[in-house]
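Participant: got a predicted model here, sequence first, then my questions.
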Amino acid sequence: MTANDLISLAITIVFGALVSGSPLLFATIGEIFSERAGVMNLGLEGMMLIGAMSGFAAWANTGSLIMGLIVGMIFGALLALLHAFITITLRADQVVSGLAVTFLGVGLSSILGQPYVGQLVPQPSSITLPILELVSAEQIVLVIVGMIFAPLSWYYLNRTRPGLDLRSVGEYPSAADSLGINVYRTRYTYVIFGGAMSGFGGAAMSLITDPGWVDGKTSGLGWIAVALVIFASWDPMRGMWVSYFFGLLRRLPLDLQNPALPLISTANNPQLGRVMDMLPYIATILILIIGSREAMRKRIGAPAALGNPYVRGERGL
Amino acid sequence: MKQQSISYKLNVETRLDNPGWVGMVSSILGVVLSLIVGGFVLHAAGAADPIATYREIFKEGFGMPADWQAGFTAMFSNTACPKGMLCFGPLSDTLVKTAPILLTSLACIFAFRMKLWNIGADGQMFLGAWAATGVAIFILPKTTDRTVMLAVMALAGILAGLVYGAIPGFLKARLNINEIITTLMLNYVAYKMLEFFVVVGPWSLGGFESTGRFPTSATWPRLTELAKKFPITGGLTVHPGIFLGIAAAILLAWILYRSRWGYEIRVIGNNPKAARYAGINLKRNIILVMSLSGALAGLAGMNEVAALRELTGRFPRGYGFTGVIVAWLARLNPLAAIFVSFLFGGLLVGTKLIQPQGIASMLQGVILFVVVGTELIFRYRVRLEKVEQAVAPETGDVP
């Protein structure tokens, strides 16, 4: 193994992390918007799956990547609309409704995605960069879009009027209501936006980052995104960094398959591969532990009205 | 001149009581609506006749009345079932699946009663199966008495589930870490751990993704073992695990409704603030309930692995999630869960052979939606009210 190999391996790992963290980034930031408005949507896994499936199906039928991404967004948004209706209008428990979104997404994507399992995958348009042989042009575009999306979201949330409205609805809806902000409409808007972003993340996964559709494609990524929202303490920029970190953890077993690596190559040692597969999930628990310490110290909390349905004219938050 | 007019007005008012029928109606509504919605989805997915599909599911899951009748006739004349496996075969398969569903749903009910969202029954079940397998293959000798062997396996399963449930419980109680996330993440860790042991690791027998067949003493006795004496039982795989589930349900019902501790748990679930003022130890109860919830799921794992007679890389995932739905559909009532688990056992068996595969999960999602969605409607009552009011005589133009 020469120094050149090592450098190219390092670059592969870094870009791999950025690429495989990108779907996570969109889902996480989408959920940040939804939770900042006061609605917890635990259905990210279901929305990502339905986005991944419908996006792949749209691509398979039209041959257009953009079409696939848009369709994935629409279907993610539709599932989120259902969640919004159940939790905002019908005021049902957000936890249970979110679980239902997940079940529905898992089931629907499995049923409707049946014909697409194992189909041809989108061919990446090749570009000739000397160091980045494994990264396609689409992946680079996706990473760049994500890197623009995160600061833009931060700016929107913290520096614009609609962002202020959004946060006030999540912190103190009756006060927001008295100032003429439509609480129900605001919540609907951002829950649906969150769903669209999850759907986009899912579609980006099945079309760009790991092309192809299989049952349960996201393998828990949606749930990891839910955890990242907490660790990111509802901040899009932090959400971006932790998404990339988790992208790294997810890619590591793949990147280390290179048999030339001494000791840590997973190709020669499948047992090590399984242990590495556990890493993202264990790391999620660990960051929650770390995050809780920090939250206690800095007194960072969830949006105050998170999880509570708003009833106009009733006492309380 | 004043005129009297009588009109009727629909009055929507908050329901102060919470009669028992409300939950049942909402649950039944959930099932019916989900079957209708499911029918549309099936149609969209290409099934020509959704009703025929449902009929097929019922037939595969429970059998047909005519077949049961033939079975009873054969039973009383002590002969074998004239239709091969059809008489009681589906029912027997369903009962086999009912046991783990019931145990995981009880695990969920226990935790949900305290508003602890244990979504990790799946992982706890995997750990239970793993520990029971360890006992059966590597610790106790093959020749151990069957009762002793099964009892020790059950203990191991319970203990493993308990520890695996205690972790999120501890994190929740001490650090206030969201238990939904931790239990879910631990699910995936458990899946991978099982793969590590059975698929690529030290428990894989000769490179196959399995531990190999358990010694007979480590497996549930099946009804078919009586086939020499009672031919009707030929081929029936039903085993005593279902009684384990029913006993656990009765015990849990007793704890929740008849014991002081169960009362405390329900108070915490309904109003944690009031519970704290009443001097109930929240943290201790969180850890305790999560541990015992995990223990129930761990028992489900032991039960399943003793029924499958080997631990393979394809150990079934998803029971823990089915348990969530069953718990909710049973309105967190352990005794109702027995019945609902049986229905879901039939659904699982009935949909096993049917394409597409996701139908069970999809139906579960719709059921859950309808059950939580209709809750609000039942929070109100609609009453027809007679309104008598004086109507002013018309005065021409009204601004």
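Facilitator: Everything's here; your move. Numbering: from 1, shown residues only, chains lettered A, B, ... in the order given.
Participant: ok, the closest residue to B:Asn176 other than its chain neighbours - contacts?
Facilitator: Leaving aside its sequence neighbours, B:Asn176 sits nearest to A:Ser292 (Cβ to Cβ, 6 or more residues apart in numbering or on different chains; 6.2 Å). Where C-beta positions appear, they are placed from N, C-alpha and C, glycine not excepted. For A:Ser292, the contact set (Cβ atoms under 8 Å, 6 or more residues apart in numbering or on different chains) comprises B:Leu175, B:Asn176, B:Ile177.
Participant: pipe those residues into JSON lines and attach pLDDT per row.
Facilitator: JSON lines is the format used below for the contacts of A:Ser292 (pLDDT from 0 to 100):
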{"residue": "B:Leu175", "pLDDT": "89"}
{"residue": "B:Asn176", "pLDDT": "86"}
{"residue": "B:Ile177", "pLDDT": "89"}
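Participant: give me the buried subset of the residues you listed.
Facilitator: B:Ile177 (16 or more other Cβ atoms under 10 Å in any protein chain shown).
Participant: can you list the contacts of A:Ser292 in TSV and add secondary structure?
Facilitator: Below are these laid out as TSV (DSSP: H, G, I helix; E, B strand; the rest coil):
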residue	secondary structure
B:Leu175	helix
B:Asn176	coil
B:Ile177	coil
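Participant: please name every helix or strand in contact with the host helix or strand of B:Ile101.
Facilitator: In this structure, B:Ile101 sits in helix B:89-113 according to DSSP states H and E. Applying 3 or more Cβ pairs under 8 Å, 6 or more residues apart in numbering or on different chains; DSSP states H and E, we find helix B:89-113 packed against helix B:50-62, helix B:121-133, helix B:241-258, helix B:260-270, helix B:282-308, helix B:319-329, helix B:334-352.
Participant: ok, now how distant is the closest residue to B:Lys142 other than its chain neighbours from B:Ala80?
Facilitator: Spatial nearest neighbour of B:Lys142, chain neighbours left out: B:Pro215 (4.0 Å); criterion: Cβ to Cβ, 6+ apart. B:Pro215 sits 29 Å away from B:Ala80, taking Cβ to Cβ, to the nearest Å as the criterion.
Participant: what do you get for B:Leu171?
Facilitator: 55 Å.
Participant: which pLDDT value belongs to the nearest residue to B:Leu288 once chain neighbours are set aside?
Facilitator: For B:Leu288, ignoring the flanking residues on the chain, the nearest one in space by Cβ to Cβ, 6+ apart is B:Gly169 at 7.6 Å. pLDDT, B:Gly169: 96.
Participant: my guess is B:Gly169 contacts B:Leu292. True?
Facilitator: No. With contacts counted by Cβ atoms under 8 Å, B:Gly169 stays clear of B:Leu292, the gap being 9.3 Å.
Participant: these two: which is more packed in?
Facilitator: Legend: neighbour count by other Cβ atoms under 10 Å in any protein chain shown for B:Gly169 and B:Leu292, higher for B:Gly169 (28 against 22).
Participant: check which helix or strand A:Gly180 maps to.
Facilitator: Applying DSSP H and E, one finds A:Gly180 in no helix or strand.
Participant: just checking, what packs against the biggest helix by length in chain A?
Facilitator: Determined from DSSP state H, the single longest helix within chain A is helix A:3-36. Helix A:3-36 is packed against helix A:44-62, helix A:137-159, helix A:161-171, helix A:183-204, helix A:221-231, helix A:236-255, with contacts defined by 3+ Cβ pairs under 8 Å, 6+ apart.
Participant: need the residues of the stretch 51-200 of chain B near chain A, please.
Facilitator: B:117, B:119, B:171, B:175-178, B:180-182, B:184-189, B:192-193, B:195-196, B:199-200 (Cβ under 8 Å from any Cβ of the partner chain).
Participant: again, only this time at 6 Å
Facilitator: Neighbours of chain A within the stretch 51-200 of chain B, by Cβ under 6 Å from any Cβ of the partner chain: B:117, B:175, B:177, B:181-182, B:184-185, B:188-189, B:192, B:195-196, B:200.
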